[in-house]
Every structure is written in structure tokens, then in C-alpha cells.
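S.K.: Coordinates for the following, if possible.
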Amino acid sequence: MRKSRAMIDVLRSPGHLVSLAARGFSRLSEARLKPLGFGVGTLPVLIALEEGRAHTQRDLADFARIEQPSMAQMLARMERDGLIRRTPDPRDGRSSLVALTDAARTRLPDACAVLFAGNDEALAGLTQAEAVQFVALLERVIDNLDQIAKKGDAGR
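M.R.: This is a model prediction of the structure:
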């Protein structure tokens, strides 16, 4: 059976290619982060806590762009693995404040270095200007997708 041009073009569409790239980055990053005791999904949380951008589960879910139940599960795993600690929020007894453990804080620079090395390898052959432009274009696409989701058009 011969494939139509439209079918072949779908495999070269931005959505499909970005998905393939994301899966490739994820596999590479997971393999390199595992020896450090981290996973790809935990990195946004770790960075947010390290930089003081978030302290509550809600803040972290917003920062990482994931739903509250998923964040609750992730935080439970991170607490079990000794990456974070929770303390009662003195302003709101129903919630807790989340902080990095010393162990996570110590290993985080190595995790970032591993990720940057992987990014450099993945972008091999691109000039510095092309890499900067690529990131800027991806950020614009992500912003567009966020706007579509806010309008409720994601299911169309």
C-alpha cells in the first residue's frame, strides 16, 4: 500500500516532531538523572524550590504546569526519596510548605550540569544563534498552546 503525501507530511508536522524530540530528551535525561536520584518530572519542582519561586503544593503545580493531584503524588514520592521536606504552613493550617532537603540541594548542580550536557549534545551542529532561536521559537509555540488551552479550544 502506498502512503499518500498527506500521511507522510503528518510525520513531519511540528506537533509530531516536537513529540519525538520531547521523548528523546526525556529518555536521555532520565538515564542521566537516575544515578543522581532524580527524575525528569521532579526537576521543575526542584528548581522552583531552589530559586524560591514556590513553597506550597499549589505554587509548585502552577510552576510545573501540572494538575494538583499529580503534584501531590510527585511530592509524596519526592518526600519518600528524601528530596523534599514538608512543614505546616503557619498562615494556613490546611496546607504545608515544601522545601528541599540538604541532600537534594547538594546534588542539584550536578543534575543541571548533566541536563545541559545532554542539551548540548542534542543541539550539536546548530550554531549558538540557531540554538537560541530554537529555544525562543519553542517558547512562542508553548505560549500559543497555553492560550489555546485557556480558551478551551484544546479539544477541537
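
S.K.: Only C-alpha atoms from now on, for both contacts and neighbour counts.
M.R.: OK.

S.K.: average pLDDT across stretch 42-49?
M.R.: Averaging pLDDT along stretch 42-49 yields 93.

S.K.: From the chain's centroid, how far away is that stretch?
M.R.: Stretch 42-49 sits 9 Å away from the centroid of its parent chain (CA atoms, centre = their mean, to the nearest Å).

S.K.: What residues sit buried inside it?
M.R.: For stretch 42-49, the buried set under the neighbour-count rule, 16 or more other CA atoms under 10 Å, comprises 42-43, 45-49.

S.K.: need these in JSON lines with secondary structure and distance to H55, can you?
M.R.: Shown next, in JSON lines, are these (DSSP: H, G, I helix; E, B strand; the rest coil; distance: CA to CA, whole Å):
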{"residue": "T42", "secondary structure": "helix", "distance to H55": "14"}
{"residue": "L43", "secondary structure": "helix", "distance to H55": "15"}
{"residue": "V45", "secondary structure": "helix", "distance to H55": "10"}
{"residue": "L46", "secondary structure": "helix", "distance to H55": "11"}
{"residue": "I47", "secondary structure": "helix", "distance to H55": "11"}
{"residue": "A48", "secondary structure": "helix", "distance to H55": "8"}
{"residue": "L49", "secondary structure": "helix", "distance to H55": "6"}
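
S.K.: can you tell me which of these lies nearest to R12?
M.R.: Set against R12, the nearest of the buried residues of stretch 42-49 by CA to CA is L43 (29.4 Å).
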